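J.: Quick one, fold the following:
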Amino acid sequence: MKILLAVDGSDMALRATRHVVALAKAMAKPPSIHLLHADPPLLPDASRQLGPDATARYHRENSEYATRRARTALRRAGLAFNEVHAIAEPAEAVIKQVRAGKCDLIVMGSHGRSALKSALLGSVTAKVLAHCQTPVTVVR
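T.: Residues are numbered from 1 along each chain as shown. Prediction:
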């Protein structure tokens, strides 16, 4: 089984990671785990002002922070995983990676925002559910 674990550094992402750990321990054969963090691109003006090196460092530091707790939890559980870092809108990155990795399951946390906030801001989870055929486990 191939599992895509999408994280953003939040407490909900850590809960999703713990769910993957529990799921993996219950399996006869350890799953292949793809740990994904997608950092939204900066606005073009901000990226131009920062320059390419500072922009790359910004995204690298964001990904390092967002995946730190998930990496630690997966390593402590003795689970092998590969990391994928993308500079893209998170929902699009999840959908692209799940297709590229031919994953069987997506696990992600949900912040549980109200319907109004989700409608106005857009929910990564809602977009993934709407545009992906792969089963999704949403952890809250």
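J.: Please make it C-alpha for all contacts and neighbour counts, starting now.
T.: Fine.
J.: Downstream of the lowest-mean-pLDDT helix or strand in the chain, the next helix or strand is which one?
T.: The helix or strand of the chain with the poorest confidence is helix 115-121; it has a mean of 51 (mean pLDDT, DSSP states H and E). Counting by DSSP states H and E, the next helix or strand C-terminal to helix 115-121 is helix 124-131.
J.: ok, and for that next one, which residues are buried?
T.: The neighbour-count check on helix 124-131 (16 or more other C-alpha atoms under 10 Å) flags 124-125, 128-129 as buried.
J.: Report the mean confidence score over that helix.
T.: For helix 124-131, the mean per-residue pLDDT is 91.
J.: How about exporting that helix as PDB, limited to the C-alpha atoms?
T.: The C-alpha atoms that make up helix 124-131 are tabulated as PDB, following Å, rounded to 0.1, in the frame of the first residue of the first chain:
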ATOM      1  CA  VAL A 124      -7.500  22.100   0.900                       C
ATOM      2  CA  THR A 125      -9.300  19.000   2.100                       C
ATOM      3  CA  ALA A 126     -12.500  20.000   0.300                       C
ATOM      4  CA  LYS A 127     -10.600  20.500  -3.000                       C
ATOM      5  CA  VAL A 128      -8.800  17.200  -2.700                       C
ATOM      6  CA  LEU A 129     -12.000  15.400  -1.900                       C
ATOM      7  CA  ALA A 130     -13.700  17.100  -4.900                       C
ATOM      8  CA  HIS A 131     -11.000  16.500  -7.500                       C
END
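J.: Mind listing residues that contact that helix?
T.: The contact list for helix 124-131, computed with C-alpha atoms under 8 Å, 6 or more residues apart in numbering, reads 90-92, 94-95, 108-110, 136, 138.
J.: One more: stretch 102-115?
T.: Here stretch 102-115 makes contact (C-alpha under 8 Å, 6+ apart) with 1-7, 12-16, 20, 98, 125, 134-140.
J.: hang on, residue 4 in a strand?
T.: Yes - secondary structure of residue 4 (DSSP: H, G, I helix; E, B strand; the rest coil): part of a strand.
J.: from what I can see it touches residue 31, true?
T.: No - taking C-alpha atoms under 8 Å as the definition, residue 4 is not a contact partner of residue 31, at 10.1 Å.
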